[in-house]
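Chemist: After the sequence you'll find the predicted model.
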Amino acid sequence: MAYQFPALTSEQKKELSEIAQCIVASGKGILAADESVGTMGSRLQRIKVENTEENRRQFREILFTVDDSISQSIGGVILFHETLYQKDSQGRLFRDILKEKGIVVGIKLDQGGAPLAGTNKETTIQGLDGLSERCAQYKKDGANFGKWRAVLKIDNQCPSHLAIQENANTLARYASICQQNGLVPIVEPEVIADGDHDMEHCQYVTEKVLAAVYKALNDHHVYLEGTLLKPNMVTAGHASTKKYTPEQVAMATVTALYRTVPAAVPGICFLSGGMSEEDATLNLNAINLCPLPKPWKLSFSYGRALQASALAAWSGRAANKKATQEAFMKRALANCQAAKGQYVHTGSSGAASTQSLFTACYTY
Ligand SMILES: O=P(O)(O)OC[C@@]1(O)O[C@H](CO)[C@@H](O)[C@@H]1O
């Protein structure tokens, strides 16, 4: 037993738990604007905009300079390395603009997948080498939380014991390094929606993955009060013919979480994983209304489901700034209501909000 060698001081723990609670304060969630250059390229391609640094900067400037009332819905924004150092057209650093609104700045820390030989094309995630130094620098540069996404898939022999253990251990090692450097780790073990499996199978796999993740976090002495979980919702595979209501998704999701995630974790912020904007909001709302014990904040950390309508409204034209900000604000507000179980679908959503945002094998 190594309890006589505490991993963190009480001051470090206090800081981490305050940051985590601030991000998921009532009704608040996370904007995942941390698409890598390549991922952002595929988003821009859909609206026929060239993937240049300036175009990526322009879109993000529009999002981050939205009205200050956004801070009632968004508690944290995850940035990609490039974006942390970018400025708006008046020369103000994006990270300073976000901080002035009371939004916590986060940084994507994982560096892409690597194959696990001898498995059915499963992966582990790279980025542990030099991670402590990167975290220390990002903390100095204004980041207060990190994100690391591990990908697990449901397929023949998948997820394998090796993939579950390897990704759980890597997530735990990342979380420990983050906390040593004052960053709250967002722990993201994503069971991707590729496949034709039913919801029950997804629940079984999600429980196995989360149980392994929390065992590893405990083994690595990670302070749970200073972490956030970013899981998939429990749904059927994208190619499944079975359809489930938001209430069924909610029951399966909260059951899986209740069986595996300790109550010490302050918040669970779901990824959207290719759901349409509207489905992501309706499911989150049902999750918050689910009649099971819910000792954590249940909120969102959406990438696609917060930006799809905004991207479509922008279409690369500065003249569309107002419409872009309105579209973004609308989704942020809807998810804020859903995070409190107060979302009422009015039936007036735009076409983009009901479109599936699924991409096959969405690995990075
Ligand atoms: O599933 P979504 O809500 O679109 O995005 C979830 C997410 O983890 O996956 C992306 C790829 O790493 C990130 O940009 C984002 O943070």
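Modeler: Yep, that arrived. Numbers count the residues shown, from 1 in each chain.
Chemist: For the ligand, what's its nearest residue on the stretch 1-150 of the chain.
Modeler: Here the stretch 1-150 of the chain gets closest to the ligand at one residue, A32, 3.1 Å apart by Cβ to the nearest ligand atom. Placement of C-beta: from N, CA and C, glycine included.
Chemist: How about that residue: which residues does it bridge to?
Modeler: Residues in a beta bridge with A32, per DSSP bridges, are I78.
Chemist: which residues touch it?
Modeler: 78, 147, 271, 301-303, 306 (Cβ atoms under 8 Å, 6 or more residues apart in numbering).
Chemist: Now do the contacts for the closest residue to S240 other than its chain neighbours.
Modeler: In this structure, S240 finds its nearest non-sequential neighbour in D196, 5.0 Å apart by Cβ to Cβ, 6 or more residues apart in numbering. Residues in contact with D196 (Cβ under 8 Å, 6+ apart) are 237, 239-241.
Chemist: Format those as a markdown table; extra columns: distance to E100.
Modeler: Shown next, in a markdown table, are the contacts of D196 (distance: Cβ to Cβ, whole Å):
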| residue | distance to E100 |
| --- | --- |
| G237 | 42 |
| A239 | 45 |
| S240 | 45 |
| T241 | 49 |
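Chemist: Among these, name the buried ones.
Modeler: Among the contacts of D196, those scoring as buried are 237, 240 (criterion: 16 or more other Cβ atoms under 10 Å).
Chemist: Of the contacts of D196, which is the nearest to L171?
Modeler: Checking the contacts of D196 against L171 with Cβ to Cβ, the nearest one is G237 at 23.0 Å.
Chemist: ok now do the closest residue to the closest one other than its chain neighbours, which residues does it touch?
Modeler: Counting by Cβ to Cβ, 6+ apart, the nearest residue to G237 once its immediate chain neighbours are dropped is G195, at 3.6 Å. Applying Cβ under 8 Å, 6+ apart to G195 gives the contacts 153-155, 237-240.
Chemist: Now do G195 against the ligand, distance only.
Modeler: From G195 over to the ligand the distance is 16 Å, taken as Cβ to the nearest ligand atom, to the nearest Å.
Chemist: Look at that residue and report its pLDDT.
Modeler: G195 carries a pLDDT score of 97 in this model.
Chemist: Assign a three-state SS to G146, would you?
Modeler: Here G146 takes the strand state, with states given by DSSP: H, G, I helix; E, B strand; the rest coil.
Chemist: Could you double-check that it lies in contact with L171?
Modeler: No - taking Cβ atoms under 8 Å as the definition, G146 is not a contact partner of L171, at 11.3 Å.
Chemist: okay, stretch 52-69 in PDB with CA atoms only?
Modeler: Provided in PDB are the C-alpha atoms of stretch 52-69 (Å, rounded to 0.1, in the frame of the first residue of the first chain):
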ATOM      1  CA  THR A  52      -6.500  26.900 -44.400                       C
ATOM      2  CA  GLU A  53      -5.300  28.100 -41.000                       C
ATOM      3  CA  GLU A  54      -7.100  31.400 -41.700                       C
ATOM      4  CA  ASN A  55     -10.400  29.800 -42.500                       C
ATOM      5  CA  ARG A  56     -10.200  27.600 -39.300                       C
ATOM      6  CA  ARG A  57      -9.400  30.800 -37.400                       C
ATOM      7  CA  GLN A  58     -12.300  32.700 -38.900                       C
ATOM      8  CA  PHE A  59     -14.900  30.100 -38.000                       C
ATOM      9  CA  ARG A  60     -13.600  29.800 -34.400                       C
ATOM     10  CA  GLU A  61     -13.500  33.600 -34.000                       C
ATOM     11  CA  ILE A  62     -17.200  33.700 -34.900                       C
ATOM     12  CA  LEU A  63     -18.000  31.000 -32.300                       C
ATOM     13  CA  PHE A  64     -15.800  32.500 -29.500                       C
ATOM     14  CA  THR A  65     -17.000  36.100 -30.000                       C
ATOM     15  CA  VAL A  66     -20.700  35.200 -29.600                       C
ATOM     16  CA  ASP A  67     -22.600  37.100 -27.000                       C
ATOM     17  CA  ASP A  68     -21.400  36.800 -23.400                       C
ATOM     18  CA  SER A  69     -24.600  35.100 -22.300                       C
END
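Chemist: List the buried residues for that stretch?
Modeler: Residues 55-66 are the ones in stretch 52-69 that count as buried (16+ other Cβ under 10 Å).
Chemist: Please apply the same query to stretch 197-212.
Modeler: Residues of stretch 197-212 classed as buried: 197, 199, 201-203, 205-212 (neighbour count, 16+ other Cβ under 10 Å).
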